[in-house]
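1. Below are the sequence and a predicted model for it; my questions follow.
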Amino acid sequence: MGFSFFRQRKPRQFNLKYRYYDEQKERIAQSEARVRKKLGLDEGSDSHERILKHGVFRSSVESAREDKNRMMRFGIIIGMLLIFTYMFFHYAG
């Protein structure tokens, strides 16, 4: 009686994830953390690094461009909806 209406589950496989410990990498990370703490840089935020790479004014210009593009897209969508609404009521009625 090898026939079954239900599919039998496969047995679980053993999955061993190896963990490697690199002492040199750990020391480097700790020293970087100490330097960041002394300089007052937060580990979680990249804002200081972004400012150092791009500058303060470039980030504000980029955000202004993004806002302008977002508003342009929004205006086009509203305009298309108004045109379709006008055509619907004009030709349906």
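-> Nice, thanks for sending it over.
2. With just CA atoms, put the one helix or strand Ser31 maps to into CSV.
-> Element membership of Ser31, judged by DSSP states H and E, is helix 23-39. What follows is helix 23-39, C-alpha atoms only, in CSV (Å, rounded to 0.1, in the frame of the first residue of the first chain):
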residue,chain,number,x,y,z
GLU,A,23,40.6,38.2,16.5
GLN,A,24,42.3,40.8,14.3
LYS,A,25,38.9,41.9,12.8
GLU,A,26,37.4,42.1,16.3
ARG,A,27,40.3,44.3,17.5
ILE,A,28,39.9,46.6,14.5
ALA,A,29,36.2,47.0,15.1
GLN,A,30,36.7,47.8,18.8
SER,A,31,39.3,50.4,18.0
GLU,A,32,37.0,52.0,15.4
ALA,A,33,34.2,52.1,17.9
ARG,A,34,36.5,53.9,20.4
VAL,A,35,37.6,56.5,17.8
ARG,A,36,34.0,57.0,16.8
LYS,A,37,33.0,57.5,20.4
LYS,A,38,35.8,60.0,20.9
LEU,A,39,34.8,62.0,17.8
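3. how far does it sit from the chain's center?
-> Relative to the chain's own centre, helix 23-39 is displaced by 26 Å; criterion: CA atoms, centre = their mean, to the nearest Å.
4. what about it, average pLDDT?
-> If you average the pLDDT over helix 23-39, you get 87.
5. Perfect, I'm done here.
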